[in-house]
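> What follows is a protein structure lacking sequence information:
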């Protein structure tokens, strides 16, 4: 294998896991928006999933407990959002922004107290737990040349994220409940008239969407931060995920591609070619956010009707006004 090809494959292998937290945030928001709710609190739900998952890993030393608590943390944030917007008809944009502030503050508060209560003034999960999370290679498959190390010798979050994306795509496009959810997102009054329980569908999918975002937050804690709690660890990934929803045109399958692209942008500073090595690393750190802004402008201009945001998104449904 040539040195150039080896270098590119190494870059690609790093880009796949780097895009995983974005994939989780994007999938969670897609599921929420398909039901007609715009939740700008992705960042807050990821923070809540990050700290709840960290608590599970830190005290229970269990991968399953960690994942369940991370999901529960994100779902708890989504429940707050659902109560305020679905039941109390609060403004969705303001509620989502408030949720981001709340989730960030709650995570940093709990995390700081865990750190301060530790004798070493640091909080890190056990090496044994980290090994179970990161060394999740699939025997035989990981020995496949080129593709094996990239796809089958990675951490559990990558397998779970890809499975959720494929499962969500099948659910939304090929099941009755998925079609009902899409109908609610387009026209909740018509779906209600057809006998679909709009409120139940909204609550269920908002909570599941929030839980998926929470797992993305746990990824940051256990993979990006190597199992150590670091204040402000999510660092704007939730906002990029909101933009990726538009980039993916509300498709879970295209979200896989979007997460790969933005994952590559996150790690490009570590694989920059020789002629770019004089450029400061902070400039490379700006690239994902710059590209996010460009994507929002381009997609808003060229978006085809079949790839547009669900029509009912952002507007609270009141059955009495039907």
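Perfect, I can see it now. Note that the structure is predicted; figures quoted are calculated from it, not measured.

> Look up phi and psi at residue 233.
phi -70, psi -30 (degrees, to the nearest 10).

> for it, what are its contacts?
Taking C-beta atoms under 8 Å, 6 or more residues apart in numbering as the criterion, residue 233 is in contact with 50, 220, 221, 224, 225. C-beta coordinates here come from the backbone N, C-alpha and C atoms, glycine included.

> cool, and residue 36?
By C-beta under 8 Å, 6+ apart, the neighbours of residue 36 are 184, 185, 186, 188, 202, 310, 312, 313, 314, 315, 317.

> rerun at 7 Å
By C-beta atoms under 7 Å, 6 or more residues apart in numbering, residue 36 lies in contact with 184, 185, 188, 310, 312, 313, 317.

> Now, those residues that are in helices?
184, 185, 188 (DSSP state H).

> Arrange those residues in JSON lines, one row each, with neighbour count and distance to residue 122 as further columns.
Below are the ones in helices among the contacts of residue 36 laid out as JSON lines (neighbours: other C-beta atoms under 10 Å; distance: C-beta to C-beta, whole Å):
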{"residue": "184", "neighbour count": "27", "distance to residue 122": "46"}
{"residue": "185", "neighbour count": "24", "distance to residue 122": "44"}
{"residue": "188", "neighbour count": "26", "distance to residue 122": "49"}
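
> Give me the contact list for the strand or helix carrying residue 54.
According to DSSP states H and E, residue 54 maps onto helix 42-55. Applying C-beta under 7 Å, 6+ apart, the set of residues contacting helix 42-55 from outside is 25, 28-29, 66, 69-70, 72-74, 76-78, 99-104, 106-107, 110-111, 210, 213-218, 220-221, 229, 233-234, 237-239, 241-242.

> Apply the buried test to those residues and list what passes.
Among those, those buried by neighbour count (16 or more other C-beta atoms under 10 Å) are 25, 28-29, 66, 69-70, 72-74, 76-78, 99-100, 102-104, 106-107, 110-111, 210, 213-218, 220-221, 229, 233-234, 237-239, 241-242.

> quick one: which of the contacts of residue 36 is nearest to residue 116?
residue 313 (41.7 Å; C-beta to C-beta).

> ok, now which ones touch that closest one?
Neighbours of residue 313 in contact, by C-beta under 7 Å, 6+ apart: 33, 36, 37, 38, 185.

> same question, residue 266
With C-beta under 7 Å, 6+ apart, residue 266 has these contacts: 18, 288.

> what kind of secondary structure is the residue nearest to residue 212 when sequence neighbours are not counted in?
In this structure, residue 212 finds its nearest non-sequential neighbour in residue 28, 3.7 Å apart by C-beta to C-beta, 6 or more residues apart in numbering. At residue 28, secondary structure determined by DSSP: H, G, I helix; E, B strand; the rest coil is helix.

> Surely residue 28 touches residue 207?
No: contact criterion C-beta atoms under 7 Å: residue 28 and residue 207 do not qualify, at 10.2 Å.

> And the pLDDT for the closest residue to residue 225 other than its chain neighbours?
Spatial nearest neighbour of residue 225, excluding adjacent residues (C-beta to C-beta, 6+ apart): residue 233 at 5.4 Å. Residue 233 is assigned a predicted lDDT (pLDDT) of 93.

> Now do residue 233 against residue 226, distance only.
11 Å (C-beta to C-beta, to the nearest Å).

> which residues in the stretch 201-322 of the chain form helices?
Secondary structure of the stretch 201-322 of the chain (DSSP state H, counting those that start in this stretch): helices at 237-247, 252-267, 281-302.

> Next, give phi and psi for residue 167.
Dihedral angles (degrees, to the nearest 10) for residue 167: phi -60, psi -40.

> Tell me how many other residues surround it.
12 (other C-beta atoms under 10 Å).

> what's the answer for residue 128, then?
9.

> name the element residue 171 belongs to?
Counting by DSSP H and E, residue 171 is found in helix 156-174.
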